[in-house]
Each structure stands twice: as structure tokens, then as C-alpha cells.
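[1] Predicted model and sequence below, questions to follow.
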Amino acid sequence: MLIEHRGQRPVVPSSAYVAPTAVLCGAVTLGQNARVLHGAVLSAEDGEVTVGADVVVMENALVRGREGHPARIGDSVLVGPHAHVNGAVVEDEAFLATGTSVFPGAVVGTGAEMRINSVLHVGSHLQPGTVVPIGWVAVGVPARLFAPDRHDEIWEVQREMDFPGVVYGVSRDASMREVMARQVAFFGEHRNDRVVEGPGT
């Protein structure tokens with residue numbers, strides 16, 4: 001399904017394929033031979049989503065563009081099932097396995113591999129060719145790799161990266177009520193969305 005959001009429509013070349021149950025919303029541009037499979041969502045909230053050539057976005061993945069953090073997927077990238085790319089850059093020939101999470105301002109370097117359920121934190125840069133093991137966390141510039149049970153060490157690096165400011169636009173001491181009031185208003189913009197073209201483009 002292709003949806004107009006804030007006056008912007010997806011651009012899908014004739015060589016690309018969008019599954020009938022996938023959603024492209026707003027300023028989303030697919031490259032040649034891109035494939036967006038069932039249940040995947042590519043949503044340009046107030047930042048563009050650009051997908052390169054020969055990319056496969058697999059079932060139930062989410063790619064979201066954000067203000068100040070457009071989502072850019074390079075050429076020959078696999079975005080695995082249930083992966084989450086939120087306002088991040090994924091360079092050419094990278095591999096994102098099932099359930100990976102890449103947060104705003106992050107960069108996955110050329111040819112890097114993020115294995116099942118791994119995380120690249122906000123503003124972190126994964127060097128080209130790096131492999132993040134299953135379930136591990138990468139954080140920092142350049143990103144350091146941590147086993148998930150090393151929370152205190154992860155926090156030492158992550159603390160200064162301002163996750164709430166980058167992701168929600170609030171200070172670290174903001175209440176959840178404040179966070180959610182902003183989110184409800186922001187996502188309320190979708191009330192004016194309009195389906196512009198059918199599935200299977």
C-alpha cells in the first residue's frame with residue numbers, strides 16, 4: 001500500500017516490488033530492483049526514507065525517517081525480518097539480521113553485519129566490515145561492542161549520547177506523560193494520510 005503523508009508520496013520504480021501487505025508512507029524512494037516484503041513498513045515521518053538498488057526489506061521490518069535523521073539504506077543491503085531501522089544510515093552491502101535495531105543518527109558501515117537481535121545505539125557508528133554478534137550491543141563513535149549483560153559499561157558510553165533528546169526531543173528527566181503527549185501529537189499527523197496507489201507496484 002502506498003500512502004501520501006504531509007503531501008509526499010512514495011516513489012517506486014517499475015523494477016521494484018512492494019508486497020500487497022507492505023506499507024510505504026510519505027517521502028519514501030525505492031531504488032532499482034528493491035523488494036519490500038509482506039508486513040514491512042517504510043514510513044517517512046518528517047524525514048525521508050531512501051532505499052538503494054538490489055535491497056530486500058524482509059517481512060515485518062520497519063524503516064523510519066525522522067526529522068534531522070532521514071533513513072538511508074545503501075545498495076545490496078538485506079534488512080531482515082522484524083529489523084528496526086529508525087532514522088539511521090545503512091551503507092552498501094550491509095547485513096541486518098532478524099530483530100536488529102538501529103537507532104537515530106547511527107551509521108552501519110559498508111559491509112558490516114548485525115546479527116540476530118543486535119543493537120546499534122543512537123548516534124553510534126559501526127565501522128565498515130564489523131560483525132556485531134547475536135544479541136550484542138554496539139555503542140559509541142566508533143562503536144564498541146558489548147555483550148548484553150554488560151549494562152554498566154554500555155551505560156558509561158551511552159549516557160552522553162542523549163537518547164531521550166535525540167529520539168523524543170525531551171530532556172532525560174522528562175516524565176513519560178510529557179514524552180507521550182509529544183508522541184501522540186506527532187503521530188496524529190497520520191490522520192490526514194491518503195492511500196494513493198494500490199499494492200503490488
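    Noted; the coordinates are in hand.

[2] Flag the shaky bits of this protein, pLDDT-wise.
    198-201 (pLDDT under 70).

[3] remind me, longest helix of the protein?
    Using DSSP state H, we find that the single longest helix of the chain is helix 176-187.

[4] what packs against that one?
    Counting contacts by 3 or more Cβ pairs under 8 Å, 6 or more residues apart in numbering; DSSP states H and E, helix 176-187 is packed against helix 163-168. To be clear about C-beta, it is placed using only N, CA and C from the backbone, and glycine gets the same treatment.

[5] next one: the helix it packs on to chain centre, how far?
    Put simply, helix 163-168 sits 15 Å off its chain's centre (Cα atoms, centre = their mean, to the nearest Å).

[6] what's the helix or strand for the most centrally placed residue in the chain?
    The C-alpha lying nearest the average C-alpha coordinate of the chain belongs to Val85 (Cα atoms, centre = their mean; 1.7 Å). Here Val85 sits within strand 84-86, counting by DSSP states H and E.

[7] Leu24 now?
    Using DSSP H and E, Leu24 sits in strand 23-25.

[8] Just give the strands next to that strand in its sheet, each with its orientation.
    strand 2-4 (parallel), strand 41-44 (parallel) (DSSP bridges).

[9] which one of those strands is the most hemmed in?
    Sort the strands paired with strand 23-25 by mean neighbour count, taking mean count of other Cβ atoms under 10 Å, and strand 41-44 sits at the top with a mean of 24.

[10] Great, nothing more from me.
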